[in-house]
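Asker: test case, fold it:
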Amino acid sequence: MEQQLTNALLAAGHADKEAEKFLEGLLAQNYGQLIQMLGQEIANVSRPFEARQMACLYMKNTLAGQSSTVQKEKHDRWKSLSPDIRTPCKENIIKAMRDASVPQLPHFVAVAAAEIAVVELPHREWPTLVGSLMENVTSPQAHEKIKIASLECLGYTCDRIVDVEELIGNLPDLDSSIVDSMLTTIVDAVQPGRPDEMRFSALQALKNSLLFVRKNMDNKQERDFIMKAICEACRNPEPRIRALAFSCLDTVAEYYYEVLQDYMTNIFQFTTDAIKGDSDETVKASAIEVWNTLSETEESLIDEEKEAAEMGMPVTNRPPCPRYVQAAMEHLVPLLLALLTQQDEDDDDDSNNLQEKAANCLELISLTVEGLIVPHVIPYVQQHIQSQDWRYRDAAIVAFMTILDGPSTDDIGKFVDQSIQVMLQSFNDDHPVVRGSAVHCVKKICAHHLSSLPQDRITAILTSVDQKLKDKPSIAAAACSAIYEICQNLKQVPPPPTNILSSGLVQLIKDLLMVTERPDASEHNIRVVAMSAASAVVGASATDVESVFGELLPAVANKLETSLAWQAMTNEDKESKAQMIGQLAALVQSLYQRMDKQAVLPLSDRVMNLLLQALQVRNAAEETFMAIASVISNLEQDFAKYLDAFVPSLLQGLKSLELTNLCLICTGGVADLCGGLGSMIQPYADGIMEAMFNIIRDGSVHRDVKPAVISCFGDMAMAIGAAYQPYMQLTMMLLMQASQQHAPPDNDDMVAFINKLRCSVLEAYSGILVGLSEGRALNDFLPNLPNILSFLTFLASDSTKDEYVLQKAVTLLGDIAHEAGSQPEVKQQINQAFVGQLIREAVSSHNKTIQQEAHWAASVVELAVKSQ
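Answerer: Predicted coordinates:
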């Protein structure tokens with residue numbers, strides 16, 4: 001059997017199907033025996049290296065999973081083995097790691113050992129592992145390959161624990177003594193004087209372990225020791241060690257920002273020296289990443305402080321943000337600007353060059369310091385925007401583009417206005433890189449600062465980007481995005497009588513649709529962005545061009561029919577087909593939102609037939625359901641003839657519990673059907689309600705789906721009236737359970753979700769009350785009033801409720817008074833202190849809608865209470 005295993009491992013290394021089948025059979029039939037044999041194979045010096053290598057990798061694969069379910073199953077399978085099997089296996093692995101007779105082997109043994117350690121260390125098992133690795137690293141007699149493999153094992157273990165925690169969650173924390181030993185071993189190996197290979201492996205292990213060393217980093221003496229080791233490595237002659245050292249600083253900045261003060265002078269010096277003068281691009285890039293992380297962290301902290309200030313509440317759980325980025329900006333920004341000329345000759349090169357790294361950092365700094373960056377960048381732009389050297393022209397455009405996200409229009413608007421003429425001229429620059437950057441810059445201007453431009457400038461932009469739709473893929477895609485952003489800015493509800501799109505709308509839409517037919521339309525996502533832009537044009541158009549839509553809808557239907565008929569063979573073609581169908585469905589959605597019913601009725605049979613076919617195309621269902629929702633909203637009761645064909649697909653979508661977005665969209669579809677068709681939906685209510693009840697009861701459903709479904713209970717009751725009676729008992733039980741959910745006051749995310757859930761519960765109560773009342777079945781609702789009013793009483797004194805909950809609560813009070821206030825027992829129940837408390841709070845809101853709702857509720861409550 002041992003020889004069979006060796007032969008199978010050797011063959012499996014060459015993808016031999018029979019060998020793989022043999023190993024899978026062993027795994028399925030006797031997992032314990034296989035683990036024993038793999039451990040023996042790994043440690044057996046008489047076996048070929050290739051077999052021992054494959055044994056390590058196969059051992060690792062029996063323990064590592066790509067999904068939470070598989071990962072948990074593999075870990076549980078290992079834990080089910082008796083110590084009589086596991087202990088010898090682990091001993092063989094440690095023995096094999098100390099075998100330097102085959103120098104390549106310890107590395108692969110480290111991989112297998114780490115995977116076992118991920119299962120055992122969090123549960124206080126394999127206590128001898130870290131001591132054995134420590135002994136390997138510190139022993140003067142140990143071969144360098146053994147030291148390196150031991151460090152790799154520590155690094156892999158930490159890295160994989162993080163991965164597994166993300167997959168299955170709830171792993172116990174590592175024992176502090178284990179962490180201390182790991183850290184001591186790693187930091188010792190980072191010290192100057194150790195061989196470079198060993199220092200590199202130790203640095204990688206240190207980077208991976210930083211998430212686990214909070215206790216050590218909270219101790220200044222230990223923290224100083226760790227930071228000293230990292231900073232010394234930043235000066236190492238070996239470039240890959242310097243790059244990895246900066247990567248460690250980046251991780252420290254991410255996890256331990258609050259303790260950086262004592263080290264910022266050195267961090268600033270080391271990173272700026274590297275950005276300015278290091279001969280290795282990878283080192284420069286790693287040093288830049290440190291400032292990326294600092295910028296992102298400080299942006300978040302500053303935003304938190306601004307939000308607190310707006311609410312008149314100081315941030316009390318931490319000191320004010322020290323704003324290291326702002327302090328460093330004067331010296332850092334010029335170094336980054338200097339790197340903007342380090343671009344590739346080919347603007348379609350996907351490599352992440354130094355220009356992109358520097359530009360990204362400038363953008364993050366801009367988002368952090370906002371308008372303060374403008375005077376540090378604009379002089380560079382003005383100096384080089386018309387340079388004779390294309391690299392400097394491009395650098396100036398990119399520099400300007402990087403700071404468009406951060407500053408307000410008040411801070412940068414005048415420079416945006418001044419730049420437009422030069423930018424549009426640069427669309428025709430001699431160098432393609434400059435042309436591409438100019439189009440991308442204008443796209444960003446359209447996204448962030450279009451309000452700073454007069455109408456004639458916007459018209460000029462629209463004309464220029466339209467001409468770029470025939471350019472190379474990257475430029476055409478940016479042009480489409482610019483059109484999309486302009487339209488998003490122009491969109492008004494209701495649409496204006498005319499706007500700048502009107503005169504060229506037909507040609508613009510034709511040009512965008514032509515983009516989707518380019519042979520290279522799959523590159524740079526052109527097909528998708530062009531169709532998104534076309535939908536945006538329709539949505540932003542004025543009323544004086546609406547007659548054009550009657551000609552456009554048949555053309556879109558033709559394209560949809562052609563796309564559905566496309567026999568896509570490869571996965572890439574299938575993806576392209578789904579994208580095209582999805583975007584055409586989005587365009588149908590926009591058209592139905594803009595056209596009146598009489599214009600679309602003659603075409604709707606064909607459109608619905610195509611959309612029902614599109615629902616069967618994988619990865620196009622979400623957009624198609626949204627398009628059908630717009631058809632429902634437009635046709636209302638005239639949609640009834642499509643229900644038999646549509647509802648089965650809707651139910652299938654509601655049952656796709658693992659597809660959160662699809663489930664949410666289908667829930668919205670139910671609401672649209674209820675609102676548009678009213679009682680005509682009643683014959684389909686049983687299936688729809690069963691699907692929605694199942695969503696609420698299923699614990700695996702994403703939490704965001706449940707509030708939407710709960711709200712739909714009210715929509716259904718409003719639609720079918722008294723016919724909702726069969727669903728009342730279960731509905732009320734589920735609503736009561738949802739209303740009793742609470743969140744810890746210090747968990748902002750959970751508080752926000754609970755408020756969303758409570759809004760949906762209140763909406764459902766209102767919908768059911770009104771629906772049953774209009775269906776003359778109010779008596780079926782009244783027994784539930786005590787529980788509902790108890791919920792409202794709680795909300796009146798709840799400090800965590802948001803303004804939307806407050807609004808829904810007073811609306812429900814008004815609905816109760818309006819629909820049931822004539823009932824003597826109801827009068828008494830709503831003549832309580834909590835009712836006045838809720839209404840007074842709503843009246844004092846700064847939100848006018850809430851104020852109006854409160855005044856209405858107050859009037860109907862007063863009327864009900866005083867009526868005879």
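Asker: report the buried residues of stretch 152-164.
Answerer: For stretch 152-164, the neighbour count (16 or more other Cβ atoms under 10 Å) marks Glu152, Cys153, Leu154, Gly155, Tyr156, Thr157, Cys158, Asp159, Arg160, Ile161, Val162, Val164 as buried. C-beta coordinates here come from the backbone N, C-alpha and C atoms, glycine included.
Asker: send me it as PDB with only the CA atoms.
Answerer: Extracted in PDB, the C-alpha atoms of stretch 152-164 (Å, rounded to 0.1, in the frame of the first residue of the first chain):
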ATOM      1  CA  GLU A 152       7.700  30.400   6.400                       C
ATOM      2  CA  CYS A 153       5.600  28.000   8.500                       C
ATOM      3  CA  LEU A 154       4.900  30.700  11.100                       C
ATOM      4  CA  GLY A 155       4.000  33.200   8.300                       C
ATOM      5  CA  TYR A 156       1.800  30.800   6.500                       C
ATOM      6  CA  THR A 157       0.000  29.800   9.700                       C
ATOM      7  CA  CYS A 158      -0.800  33.500  10.500                       C
ATOM      8  CA  ASP A 159      -1.900  34.200   7.000                       C
ATOM      9  CA  ARG A 160      -4.200  31.100   6.800                       C
ATOM     10  CA  ILE A 161      -5.800  31.800  10.200                       C
ATOM     11  CA  VAL A 162      -6.900  35.200   8.900                       C
ATOM     12  CA  ASP A 163      -8.300  33.500   5.700                       C
ATOM     13  CA  VAL A 164     -10.100  30.800   7.700                       C
END
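Asker: farthest-apart pair in the buried residues of stretch 152-164, please.
Answerer: Glu152 and Val164 (17.8 Å; Cβ to Cβ).
Asker: helices along the stretch 201-350 of the chain, start to end?
Answerer: 214-218, 220-233, 239-255, 264-277, 281-310, 324-339 (DSSP state H, counting those that start in this stretch).
Asker: please apply the same query to the stretch 51-200 of the chain.
Answerer: 68-79, 83-97, 105-120, 129-138, 144-168, 176-190, 196-209.
Asker: gap between the first one and the chain center?
Answerer: Here helix 68-79 is found 27 Å from its chain centre; the criterion is Cα atoms, centre = their mean, to the nearest Å.
Asker: tell me the angle it makes with helix 83-97.
Answerer: Relative orientation of helix 68-79 versus helix 83-97 (axes from the mean of the first three to the mean of the last three Cα atoms, to 10 degrees): 100 degrees.
Asker: got the buried residues for helix 68-79?
Answerer: Along helix 68-79, these residues count as buried under the neighbour rule (16+ other Cβ under 10 Å): Gln71, Lys74, His75, Arg77, Trp78.
Asker: then the last one?
Answerer: Residues of helix 196-209 classed as buried under the neighbour-count rule (16+ other Cβ under 10 Å) are Met198, Arg199, Phe200, Ser201, Ala202, Leu203, Gln204, Ala205, Leu206, Lys207, Asn208, Ser209.
Asker: coming back round to it: and the helices of the stretch 51-200 of the chain as a markdown table, adding mean pLDDT?
Answerer: Formatted as a markdown table, these follow (pLDDT from 0 to 100):
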| stretch | mean pLDDT |
| --- | --- |
| helix 68-79 | 93 |
| helix 83-97 | 95 |
| helix 105-120 | 96 |
| helix 129-138 | 94 |
| helix 144-168 | 93 |
| helix 176-190 | 93 |
| helix 196-209 | 95 |
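Asker: closest one to Thr459 among those helices?
Answerer: helix 144-168 (49.5 Å).
Asker: which helix or strand contains the nearest residue to Gln682 once chain neighbours are set aside?
Answerer: Leaving aside its chain neighbours, Gln682 sits nearest to Ile720 (4.5 Å; criterion: Cβ to Cβ, 6 or more residues apart in numbering). Using DSSP states H and E, Ile720 sits in helix 705-720.
Asker: counting contacts, what elements does that helix pack onto?
Answerer: Applying 3 or more Cβ pairs under 8 Å, 6 or more residues apart in numbering; DSSP states H and E, we find helix 705-720 packed against helix 660-677, helix 685-697, helix 728-739, helix 748-774.
Asker: what angle do the second one and helix 705-720 make?
Answerer: Calculated by the same axes, to 10 degrees, helix 685-697 forms an angle of 160 degrees with helix 705-720.
Asker: now the third one
Answerer: Between helix 728-739 and helix 705-720, the angle formed by their directions is 140 degrees, by the same axes, to 10 degrees.
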